[in-house]
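Colleague: I'll drop the sequence and a predicted model, then ask my questions.
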Amino acid sequence: MSDQSRPSGVHQLAHDLIERVERRWASLSIAVIVLLALLAAFAGIHRATMPQSIVETIEPRIIHMQGEFVETNLGSAVEADGSVTVRAVGQEYSFNPSCIVVPTDTPITFRATSPDVIHGFMIEGTNINTMLVPGYVSVLPARFDKPGERLMPCHEFCGVGHEGMWARVRVIDKQEFQKLAAQQPRVTCDQQ
Amino acid sequence: MSADQIFSWKNRWFAGSVGITAGLLVASALGGFIVLPYLYPNFEFRGAWDAICSAAGIARASSSANAIQPDYKISTVSLTSDMFMRPSPEAIGRGATLAQQCAICHGPTGISRADSPNLSGQYAAVIYKQLVDFKTGARVNAVMTPFAAPLSDQDMRDIAVYYAYLPRLPAYHPEQSAQPPNVVIYGAPMRGIAPCGSCHGTLDNKAGSPWLEGQAAAYIKAQLGAFASGARRNDSGGLMRNIARRMTPEEIDQAARYYSSRPSFMTTQ
Amino acid sequence: MISSRRLIIAHFWLAFAVFGLALLLGAWQMLVRSPLHNWLSDPEWYYRSLTAHGTVMAYALPTLVAMGFGYAITESTLDQPLVGKRWAWAGFGLIVVGAVMALIPVALGRASVLYTFYPPLIGSPFYYIGVVLVVVGSWIWVALMSVNLGVWKKRHPHAPIPLAMFANVAGSYLWAWTSLGAALELLFQIIPVALGWKSTLDAGLARILFSWTLHAIVYFWLIPTYIAYYTIVPRAIGGRVYSDTMARISFVLFLVVAMPIGIHHTFMDPQVGAGFKFIHSIFTAAVAVPTLLTVFTICASVEVAGRLRGGRGVFGWIGALPWKNPIMLAVAFSFVMLGFGGAGGLINMSYQLDTTVHNTQWITGHFHLIFGGAIVIMYFAIAYDLWPHLTGRNFSNDRLMRAQLWLWFIGMMVTTFPWHWVGILGMPRRMAFYDFSDPAISPQGIYVTVSAIGALILLASGLLFLFILATGQRAAPMEAGAYTFARAVHEPAAVPAPLNGYALWVTLMIALTITNYGFPIVRLASGYGTNVPAVYVGR
């Protein structure tokens, strides 16, 4: 390091002061950022949601004909362990099912994909939020505490009918849901 | 200071910046690939290496175990927007010959005099899909099913490009129509209904959606009714069924009458 | 002395002319999707406008400003006429050709894919080719920045590169590298499909390649603003740059860390592994550091000016600042918007908080506040500062400039604050109309209306800006003298070599790109068999 940049006398003191002040601020900034990052990690682990843990691929051209996302397999299904898997497809320009039913107080897994273009998948008022990319399956865990009805819009531009792509999610009491699930293997409120 | 002096561990700047960068990278990689996967509430990995690979984004093919398959015939047509983009004249010619049998109901120029749909100038993908669905049984109609049965896949493609090649002539049964109904122009977003034209050609064409201008009102109404009741199920992914169920009977009526009164050159090519 | 005046003015005029048009479209968009207007009977007009607005504001305006400002910096700090002026004009020409080629299909409704052009939606190939031409034109500028710096360095070996030029060239390297992502997506995926040579592509790979560009591009947009903070503002208000070293550190930090963090734009995507999302999240936290450093250094530099003007006390120097100076007003407004916009950015960078706002109107409000607000207001300041030197005219309508800046600031706050709020309420993005009569959505109506009013204020401010520049061009001739930049409190006689060159930082930038993006891109490109058919849009 060259010594030519060091001025003399009063200027030297000022120069050192500036360097010290800036260094202190830099340390403070870094400390704040580290703290924020740790908070985020902590919150993620203990309280809130985490990114999808596995990348799953699927052939989009045939999902309406066979396989997991064929129309008769969509909707809310009760698994052996009591949890519920909700399967949905987002396509130009609506969701199927367009009225989803989920129970309260139950671990839920949303599984969704798109056969055509990129769509969004978001349940308003919650942190259930993902993209539907054709060729890939989006998987999200969820849990609802209170019954109610929520809107589920597509939030990514998917073509000229994007503004019409709204679905609904009905959260109902666990018992009520179990009654419905006993009558039909895949529960939706599409018929209403 | 020359370049060698910068890229040397003796240089404070080099050591510091490379050290911090590498440190951040290693720490975040450890966190993201090893620590966090183990903290997932539903740890579903088959060991540490599987956890690391999944975190890196190595994909698994999705499985369809225990999927409830339909107990009815489902449409097996897969349409893309570039199918039928450049039909050959030979195909159109073959289609013309085959289409002579269609003329009984659909008219010699593709304009029907009954309440069967006008086919003249319709999107090829639409005609192809409906023919395939009639043949496989995904769509059932007492008249069409026997006609479709003997057709081969190439035959159906040829008929499709032939009808697409015909000009779009004005409606055969025009009706007076006043204001375009709201459900057609705006859809009903809260009921999950996009404007009809977003798929049916006035705004854009989704592969497989027919343009509707000039079709018989009775036909449109019957089809919407069939979708609403579930009698017709060959709309891939339940699109039209969800829409028709959410339309009121008045809206279905208005939409049918509106489209039947429109001239057919208002749509996209 | 700035000798390539016509070249630079051409860049600025083109930038601000298309800005004016895009601003008009933006105001229209805010109005038609608000409760103040009936639903559009042809929503395609909205998406067409949105495509034009985004394409101009993201790809044309900031690129042209950076280029024009960059040429001005080159000539004035290095005290040499621009080497390669013909190439510079060629670059400008390419941009004009590209912009026209891109915007014609958009205007005709054949490329309503939005400026993010997420495939498999595919529009006219001329839209994409036009964008590529604009980018290539800017790469000529990148090369010229290096060439000119090289020429100067040969004449002044070991001398410290003037701060403004140092930052300018850093910005050009950042742009060159970051534009590669979208260039790869366009050249290898989208254009072949748009031309019909291929019919499928991997939509997930396209989003990842675009994310490579999508974040760091905002730092490319930001560099002219930060150059103005460090080297124009202190001079304009009679102060000094508090620390030249810290300024250089901030810029090299941007060069390194702005790039390898783009996957935070795809936090919610299913095609990327969670491990890489975490790595990008950590490095995104790191990119907040140079902004924090800058905020401190600039505040200190401004305080120097305040105290030199007789300000006393812990806060008394604020009152002593030259508030009648439009540049002072601009930087103050910019910092307020940077504070709020930056805080919003910290929220977006946390995966967990992002799940509540991703692709809601919060995101749109955020980037309008930080880019349209904090950054663009300094573009205005740069134009005002440079204009007398470019036009050779007496440009001194301070009152009008202050009014324009006030309008922009108020307009931006009025537009974006309610915008953030409706995003929190759950309003999704990019829709041509909303059913405000539905009870679940009606609470959002009032906020959307307020934002629309804010948009009108912004439109007025933008038109006023163009008016001021135009009248400045016609004022009485007056030579403004050499264009100078701020000096540091301690002008360094020599600067440590790593802060006087780029080799180390560019190496780190490329290395981090490989570690943070290499595997995801290679994995997606080598194919899962997830190529999907294109969906062609447009009439």
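Modeller: Arrived safely.

Colleague: kindly check the end-to-end length of stretch C:256-263 for me.
Modeller: By Cα to Cα, to the nearest Å, the extent of stretch C:256-263 from end to end equals 16 Å.

Colleague: spell out the secondary structure type for A:Asp105.
Modeller: With DSSP: H, G, I helix; E, B strand; the rest coil as the basis, A:Asp105 sits in coil.

Colleague: not counting sequence-adjacent ones, nearest residue to it?
Modeller: Distances taken as Cβ to Cβ, 6 or more residues apart in numbering or on different chains place A:Lys174 nearest to A:Asp105, at 5.4 Å, with adjacent residues excluded. Placement of C-beta: from N, CA and C, glycine included.

Colleague: can you pull the contacts of the one you found?
Modeller: By Cβ atoms under 8 Å, 6 or more residues apart in numbering or on different chains, A:Lys174 lies in contact with A:Pro103, A:Thr104, A:Asp105, A:Thr106.

Colleague: return the set of buried residues in stretch B:131-140.
Modeller: For stretch B:131-140, burial by neighbour count (16 or more other Cβ atoms under 10 Å in any protein chain shown) applies to B:Leu131, B:Val132, B:Asp133, B:Phe134, B:Lys135, B:Thr136, B:Ala138, B:Arg139.

Colleague: quick one: residues in contact with that stretch.
Modeller: B:73-77, B:130, B:141, B:144-145, B:147-149, B:151, B:153, B:156, B:159-160, B:232-234.

Colleague: dump it to PDB, restricted to CA.
Modeller: The C-alpha trace of stretch B:131-140 is given here as PDB (Å, rounded to 0.1, in the frame of the first residue of the first chain):
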ATOM      1  CA  LEU B 131     -63.700 -35.600 -34.800                       C
ATOM      2  CA  VAL B 132     -61.100 -37.400 -32.600                       C
ATOM      3  CA  ASP B 133     -63.400 -37.100 -29.600                       C
ATOM      4  CA  PHE B 134     -66.300 -38.400 -31.500                       C
ATOM      5  CA  LYS B 135     -64.300 -41.300 -32.700                       C
ATOM      6  CA  THR B 136     -62.900 -42.200 -29.300                       C
ATOM      7  CA  GLY B 137     -66.200 -41.700 -27.500                       C
ATOM      8  CA  ALA B 138     -65.100 -38.700 -25.400                       C
ATOM      9  CA  ARG B 139     -67.900 -36.900 -27.100                       C
ATOM     10  CA  VAL B 140     -71.100 -38.700 -28.000                       C
END
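
Colleague: return the set of buried residues in the strand or helix carrying C:Val448.
Modeller: Here C:Val448 sits within helix C:445-474, counting by DSSP states H and E. Buried residues in helix C:445-474, defined by neighbour count with 16+ other Cβ under 10 Å: C:445, C:447-455, C:457-462, C:464-466, C:468-469, C:472.

Colleague: check which element follows the longest helix anywhere in chain C along the chain.
Modeller: In chain C, ranked by residue count with DSSP state H as the criterion, the top helix is helix C:274-308. Counting by DSSP H and E, the next helix or strand C-terminal to helix C:274-308 is helix C:316-319.

Colleague: now residue 79. Nearest residue, chain neighbours left out?
Modeller: This is for chain A. Distance criterion Cβ to Cβ, 6+ apart; nearest residue to A:Glu79, sequence neighbours excluded, is A:Thr85 at 5.9 Å.

Colleague: chain C is the one I meant
Modeller: What sits nearest to C:Asp79 in space, not counting adjacent residues and going by Cβ to Cβ, 6+ apart, is C:Met1, at 7.5 Å.

Colleague: over to C:Glu303?
Modeller: Nearest residue to C:Glu303, sequence neighbours excluded (Cβ to Cβ, 6+ apart): C:Trp317, at 5.5 Å.

Colleague: which elements pack onto the worst-scoring helix or strand of chain A on mean pLDDT?
Modeller: Every helix and strand of chain A was ranked by mean pLDDT, DSSP states H and E. The lowest is helix A:10-46, at a mean of 86. With contacts taken as 3 or more Cβ pairs under 8 Å, 6 or more residues apart in numbering or on different chains; DSSP states H and E, helix A:10-46 sits against helix B:36-39, helix C:244-257, helix C:274-308, helix C:351-357.

Colleague: can I see the domain layout of chain A?
Modeller: A:1-50, A:56-191 (automatic domain parsing).

Colleague: looking at those, which is nearest to C:Arg6?
Modeller: Closest to C:Arg6 of the domains of chain A, according to Cβ to Cβ: domain A:1-50, at 38.8 Å.

Colleague: pretty sure C:Gly93 contacts C:Val136?
Modeller: No: using Cβ atoms under 8 Å, C:Gly93 is not in contact with C:Val136, being 11.1 Å away.

Colleague: so who does the residue positioned nearest the centre of chain C touch?
Modeller: By Cα atoms, centre = their mean, chain C has its centre lying nearest to C:Trp221, at 2.6 Å. Contact analysis of C:Trp221 by Cβ under 8 Å, 6+ apart lists C:Pro62, C:Ala66, C:Phe371, C:Ile375.

Colleague: now the element after the host helix or strand of it, going C-ward?
Modeller: Assigned by DSSP H and E, C:Trp221 belongs to helix C:203-227. Per DSSP H and E, the first helix or strand lying C-terminal to helix C:203-227 is helix C:233-237.

Colleague: and that next one, what does it pack against?
Modeller: Packed against helix C:233-237 by the contact rule (3+ Cβ pairs under 8 Å, 6+ apart) you find helix C:274-308, helix C:326-349.

Colleague: can I get that helix as PDB, trimmed to CA atoms?
Modeller: Extracted in PDB, the C-alpha atoms of helix C:233-237 (Å, rounded to 0.1, in the frame of the first residue of the first chain):
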ATOM      1  CA  VAL C 233     -24.600  16.300  -5.400                       C
ATOM      2  CA  PRO C 234     -21.600  17.300  -3.200                       C
ATOM      3  CA  ARG C 235     -20.300  19.600  -5.900                       C
ATOM      4  CA  ALA C 236     -23.700  21.100  -6.700                       C
ATOM      5  CA  ILE C 237     -24.400  21.900  -3.100                       C
END
